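In: Dropping a prediction and its sequence here:
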Amino acid sequence: METCDKYSLYIGLNDKDTLEQMMPTKRFIKIISKICKSQNIGFSIKSMNGGYIHNSGIYTFENSIELSIFGVTKEQIMTLAKKLKKIFNQESIIVIKEKVETSFV
(Lines give C-alpha, C1' and ligand atoms only; values in the text may rest on other atoms or scores of the structure.)
Protein backbone atom coordinates (compact mmCIF):
# COMPACT_ATOMS: atom_id res chain seq x y z
CA MET A 1 0.00 0.00 0.00
CA GLU A 2 1.05 3.52 -0.73
CA THR A 3 0.04 6.71 1.10
CA CYS A 4 -1.28 9.53 -1.06
CA ASP A 5 -3.52 12.58 -0.92
CA LYS A 6 -7.21 12.22 -1.70
CA TYR A 7 -9.10 15.40 -2.51
CA SER A 8 -12.87 15.67 -2.33
CA LEU A 9 -14.65 18.64 -3.85
CA TYR A 10 -18.24 19.28 -2.81
CA ILE A 11 -20.07 21.26 -5.45
CA GLY A 12 -23.61 22.53 -4.96
CA LEU A 13 -25.64 22.71 -8.14
CA ASN A 14 -27.77 25.77 -7.39
CA ASP A 15 -26.69 29.02 -9.01
CA LYS A 16 -25.46 31.46 -6.33
CA ASP A 17 -27.61 34.31 -7.67
CA THR A 18 -30.89 32.61 -8.56
CA LEU A 19 -30.65 29.84 -5.91
CA GLU A 20 -32.01 27.51 -8.62
CA GLN A 21 -30.38 24.58 -10.41
CA MET A 22 -29.80 25.89 -13.94
CA MET A 23 -29.32 22.55 -15.74
CA PRO A 24 -29.85 18.84 -15.11
CA THR A 25 -27.38 17.07 -12.80
CA LYS A 26 -26.26 14.85 -15.70
CA ARG A 27 -25.12 17.98 -17.58
CA PHE A 28 -23.00 19.10 -14.60
CA ILE A 29 -21.41 15.65 -14.49
CA LYS A 30 -20.71 15.75 -18.24
CA ILE A 31 -19.00 19.14 -17.95
CA ILE A 32 -16.89 18.07 -14.96
CA SER A 33 -15.93 14.84 -16.74
CA LYS A 34 -14.85 16.74 -19.85
CA ILE A 35 -12.71 19.16 -17.82
CA CYS A 36 -11.04 16.37 -15.82
CA LYS A 37 -10.33 14.40 -19.00
CA SER A 38 -8.81 17.45 -20.70
CA GLN A 39 -6.44 17.84 -17.72
CA ASN A 40 -5.64 14.09 -17.43
CA ILE A 41 -7.19 13.90 -13.97
CA GLY A 42 -8.67 10.58 -12.85
CA PHE A 43 -11.82 11.03 -10.78
CA SER A 44 -15.02 9.60 -9.35
CA ILE A 45 -18.33 11.43 -8.97
CA LYS A 46 -21.21 10.91 -6.54
CA SER A 47 -24.54 12.73 -6.72
CA MET A 48 -26.21 13.66 -3.45
CA ASN A 49 -28.60 16.09 -1.79
CA GLY A 50 -27.78 18.60 0.90
CA GLY A 51 -28.31 21.97 2.47
CA TYR A 52 -26.20 25.13 2.26
CA ILE A 53 -26.18 28.41 4.15
CA HIS A 54 -25.28 31.29 1.84
CA ASN A 55 -23.21 34.26 2.98
CA SER A 56 -26.50 36.20 3.03
CA GLY A 57 -27.88 33.77 5.62
CA ILE A 58 -30.35 32.15 3.21
CA TYR A 59 -30.59 28.37 3.69
CA THR A 60 -31.16 26.33 0.54
CA PHE A 61 -31.61 22.66 -0.21
CA GLU A 62 -29.87 21.53 -3.36
CA ASN A 63 -28.48 18.69 -5.38
CA SER A 64 -24.71 18.38 -4.97
CA ILE A 65 -21.78 16.49 -6.43
CA GLU A 66 -18.83 14.97 -4.59
CA LEU A 67 -15.81 14.83 -6.88
CA SER A 68 -13.03 12.51 -5.58
CA ILE A 69 -9.52 12.80 -7.01
CA PHE A 70 -6.20 11.08 -6.24
CA GLY A 71 -2.66 11.72 -7.43
CA VAL A 72 -2.72 15.44 -8.13
CA THR A 73 -1.10 18.44 -6.51
CA LYS A 74 -2.81 20.97 -4.29
CA GLU A 75 -2.25 23.56 -7.01
CA GLN A 76 -4.07 21.40 -9.58
CA ILE A 77 -7.01 20.91 -7.22
CA MET A 78 -7.29 24.59 -6.35
CA THR A 79 -7.12 25.55 -10.04
CA LEU A 80 -9.83 23.00 -10.84
CA ALA A 81 -12.02 24.17 -7.93
CA LYS A 82 -11.73 27.82 -9.00
CA LYS A 83 -12.57 26.92 -12.59
CA LEU A 84 -15.65 24.91 -11.58
CA LYS A 85 -16.73 27.67 -9.17
CA LYS A 86 -16.68 30.19 -12.01
CA ILE A 87 -18.30 27.93 -14.63
CA PHE A 88 -21.15 26.90 -12.31
CA ASN A 89 -21.53 30.36 -10.69
CA GLN A 90 -21.02 29.03 -7.17
CA GLU A 91 -20.53 31.01 -3.96
CA SER A 92 -18.04 28.38 -2.81
CA ILE A 93 -16.77 24.85 -3.37
CA ILE A 94 -15.62 22.83 -0.37
CA VAL A 95 -12.21 21.20 -0.82
CA ILE A 96 -11.18 18.44 1.59
CA LYS A 97 -7.75 16.81 1.68
CA GLU A 98 -7.17 13.44 3.34
CA LYS A 99 -4.15 11.17 3.63
CA VAL A 100 -5.20 7.68 2.51
CA GLU A 101 -3.54 4.36 1.82
CA THR A 102 -4.11 3.07 -1.69
CA SER A 103 -3.16 0.17 -3.87
CA PHE A 104 -4.14 -0.96 -7.34
CA VAL A 105 -5.17 -4.61 -7.39
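Out: Structure received.

In: So which residues of this protein form strands?
Out: 2-12, 44-53, 59-70, 94-102 (DSSP state E).

In: Serialize those to a markdown table and add fields for mean pLDDT and distance to residue 31.
Out: Quick note: C-beta positions are derived from backbone N, CA and C, even for glycine. Listed next are the strands of the chain as a markdown table, based on pLDDT from 0 to 100; distance: least, C-beta to C-beta, whole Å:
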| stretch | mean pLDDT | distance to residue 31 |
| --- | --- | --- |
| strand 2-12 | 95 | 11 |
| strand 44-53 | 95 | 11 |
| strand 59-70 | 96 | 10 |
| strand 94-102 | 95 | 18 |
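
In: out of those strands, which comes closest to residue 35?
Out: strand 59-70 (10.1 Å; C-beta to C-beta).

In: strand partners of that closest one, parallel vs antiparallel please.
Out: strand 2-12 (antiparallel), strand 44-53 (antiparallel) (DSSP bridges).

In: Can you list the buried residues in the shortest one?
Out: Yep, that's strand 44-53 we're talking about. Buried residues in strand 44-53, counted by 16 or more other C-beta atoms under 10 Å: 45, 52.

In: any residues touching that strand, and which ones?
Out: Here strand 44-53 makes contact (C-beta atoms under 8 Å, 6 or more residues apart in numbering) with 10, 12, 14, 25, 29, 32-33, 59-68.

In: Could you do the longest one as well?
Out: Counting by C-beta under 8 Å, 6+ apart, strand 2-12 makes contact with 28, 32, 50, 52, 62-72, 74, 77, 80-81, 84, 88, 90, 93-103, all of which sit outside it.
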